[in-house]
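# Sequence plus the predicted model coming up.
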Amino acid sequence: MHPDVEKVLISRMEIDEKVHELGNILSRDYAGKELLMVGILKGAVVFMADLARAMNIDVRIDFMAVSSYGASSKSTGVVRILKDLDKSIENCHVLIVEDIVDTGLTLNYLLDILQARNPASVRICTLLDKPSRREVNVPVDYNGFAIPDKFVVGYGLDYNEKYRHLPEIYVLKKEIYQSVK
Ligand SMILES: O=P(O)(O)OC[C@H]1O[C@H](OP(=O)(O)OP(=O)(O)O)[C@H](O)[C@@H]1O
Ligand code: HPA
């Protein structure tokens, strides 16, 4: 185990099982439809890659990158789009794929942006959910695991851009981080 982590919260095997379970549910729910999976960079990259390969329907994938505007945006949830989708989503079935929903501010804002583009539907799929941290209500349609209010890393999730490559989901040691968002 990496020396900066306290313990494994979700093992590789539990992640694999959940990703396949979600892949099956999504394949069933979107059968006969054209689905565009939209991964939110960078945290969702690892989950998105595994989830897309756990589906047994045709899907297209794209990515968006967003960044907070700074301290004031923490409460408003206003985000700046750093990388937008390549194509119009008008009349498309869109699935936003996230690694984690925490306050809900990022997803709340993204949902508004994407819904304004007249897609056929927009749903949210997140691997992790920290319900105790929620500040705005976001409709999470598909969720892998509800987790306690601990700072987690690995499987795409970072602290200061580190630990994304670790294969499982771990609780980061308290002494490693001084402030979390
Ligand atoms: O529900 P919220 O409180 O808005 O937090 C969740 C967001 O925070 C993380 O992204 P981050 O801004 O750390 O970027 P990253 O994906 O590049 O790590 C995560 O990937 C979500 O996008
Ligand atoms: O626990 C977390 N880990 C990494 N990124 C995050 N963004 C919100 N919560 C977390």
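It's in. Ligands and ions are numbered 1, 2, ... in the order given.
# Which residues of this structure lie near ligand 2?
100, 102, 151, 152, 153, 157 (Cβ under 6 Å from any ligand atom). All C-beta atoms are positioned from the backbone trio N, CA, C, and that covers glycine.
# Let me know how buried the fourth one is, in neighbour terms.
Meaning residue 152. 22 (other Cβ atoms under 10 Å).
# Residue 107 versus that one, what's the distance?
Per Cβ to Cβ, to the nearest Å, residue 152 is found 17 Å from residue 107.
# Residue 175 belongs to a helix, doesn't it?
Yes - assessed by DSSP: H, G, I helix; E, B strand; the rest coil, residue 175 belongs to a helix.
# Can you check what pLDDT the model gives it?
For residue 175, the pLDDT comes out at 92.
# Relative to ligand 1, which of the residues of the chain next to ligand 2 is nearest.
residue 102 (3.4 Å; Cβ to the nearest ligand atom).
# need the next SSE after the least confident helix or strand in the chain by mean pLDDT, C-terminal direction.
Least confident helix or strand, the chain: helix 73-76 with a mean of 56, by mean pLDDT, DSSP states H and E. Toward the C-terminal end, the helix or strand that comes next after helix 73-76 (DSSP states H and E) is strand 79-83.
# Now do that next one: distance to the chain's middle.
16 Å (Cα atoms, centre = their mean, to the nearest Å).
# and it, average pLDDT?
Per-residue scores along strand 79-83 average to 91.
# any bit of it sitting next to ligand 1?
No - on the criterion Cβ under 6 Å from any ligand atom, strand 79-83 is out of touch with ligand 1, staying 8.3 Å away.
# neighbouring contacts of that strand?
Applying Cβ atoms under 8 Å, 6 or more residues apart in numbering, the contact partners of strand 79-83 are 41, 63-69, 73, 105-106, 109-110, 113.
# what do you get if the cut-off is 7 Å, keeping everything else the same?
41, 63, 64, 65, 66, 67, 68, 69, 73, 106, 109 (Cβ atoms under 7 Å, 6 or more residues apart in numbering).
# out of those residues, which one sits closest to residue 89?
Taking Cβ to Cβ as the measure, residue 89 lies nearest residue 64 of the contacts of strand 79-83, at 10.8 Å.
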